[in-house]
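J.: Quick one: sequence and predicted model below, then my questions.
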Amino acid sequence: MKGVKLALASEEQKTERDRLCHEAWGAPLSVSQFLERERVLRGTPWARAYMKSWLLVDEGHGGALASCETFQMRSCITAPGSARNDGHSYGIASVYSEPRFRGKGHASRLVELVHAELERADPKLQAFVLYSEVGAPMYERLGYVLRPS
């Protein structure tokens, strides 16, 4: 996908995305209630330390085509007879594209770029976990394996 880049969202961009995402995840809250809930959640010590909000930005006009959040979590891989291997896993959440941008591959490209950036930045990365309410096919194309919740 030409002319797009991955960016971390500013506080202003996070609020803008929250306003847009209300249609997907805000009910039964009003827009203002949803914005306040998200502000409070992002203000927790855990979220400030371990949560990042990402944007897929169109370099031509600077607008966001898709967004998501990641949450770093401690993880450990062990196998019988092997040493304990402590590391990090990342939860990916709130993958969102506005209706006018859907069906064009923007959300998939965003998740691919987030994977690549975290793989580059975190030598202790062990896994990605993604919860989705929109169905598995898009994420299965990216290598995710469906598991019952």
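T.: Done, it's in. In this text the structure is predicted, and so the values were computed from the model without any measurement.

J.: Against which helices or strands is the lengthiest strand in the chain packed?
T.: Using DSSP state E, we find that the single longest strand of the chain is strand 64-77. Judged by 3 or more C-beta pairs under 8 Å, 6 or more residues apart in numbering; DSSP states H and E, the packing partners of strand 64-77 are helix 11-25, helix 45-50, strand 51-58, strand 85-96, helix 106-121, strand 125-130. Every C-beta, even on glycine, is put in place using the N, C-alpha and C of the backbone.

J.: mind listing what that strand pairs with, with the direction of each?
T.: strand 51-58 (antiparallel), strand 85-96 (antiparallel) (DSSP bridges).

J.: If I look at Met1, what pLDDT would I see?
T.: Note on Met1: pLDDT of 62.

J.: try Arg39
T.: Arg39 is given a pLDDT of 96.

J.: Now do the SS call for it.
T.: helix (DSSP: H, G, I helix; E, B strand; the rest coil).

J.: What sits closest to it if chain neighbours are left out?
T.: Excluding the flanking residues, the one nearest Arg39 by C-beta to C-beta, 6 or more residues apart in numbering is Thr15, at 7.6 Å.

J.: out of the helices and strands packed on strand 64-77, nearest to Cys68?
T.: strand 85-96 (4.4 Å; C-beta to C-beta).

J.: Quick check: mean pLDDT of the closest one?
T.: 95.

J.: List the buried residues for that strand?
T.: 88-96 (16 or more other C-beta atoms under 10 Å).

J.: what is the orientation angle of it with strand 125-130?
T.: Relative orientation of strand 85-96 versus strand 125-130 (axes from the mean of the first three to the mean of the last three C-alpha atoms, to 10 degrees): 30 degrees.

J.: so strand 85-96 versus helix 11-25, what angle?
T.: Using the same axes, to 10 degrees: strand 85-96 against helix 11-25 is 70 degrees.

J.: May I have strand 85-96 as CSV, with CA atoms only?
T.: The C-alpha trace of strand 85-96 is given here as CSV (Å, rounded to 0.1, in the frame of the first residue of the first chain):
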residue,chain,number,x,y,z
ASN,A,85,11.9,-17.9,28.8
ASP,A,86,10.3,-14.6,30.1
GLY,A,87,9.3,-12.1,27.5
HIS,A,88,6.4,-9.9,26.3
SER,A,89,3.2,-10.6,24.4
TYR,A,90,1.0,-7.9,22.9
GLY,A,91,-2.7,-7.7,22.9
ILE,A,92,-4.1,-5.9,19.8
ALA,A,93,-7.4,-4.2,20.3
SER,A,94,-9.8,-1.7,18.9
VAL,A,95,-8.8,-2.2,15.2
TYR,A,96,-10.9,0.4,13.5
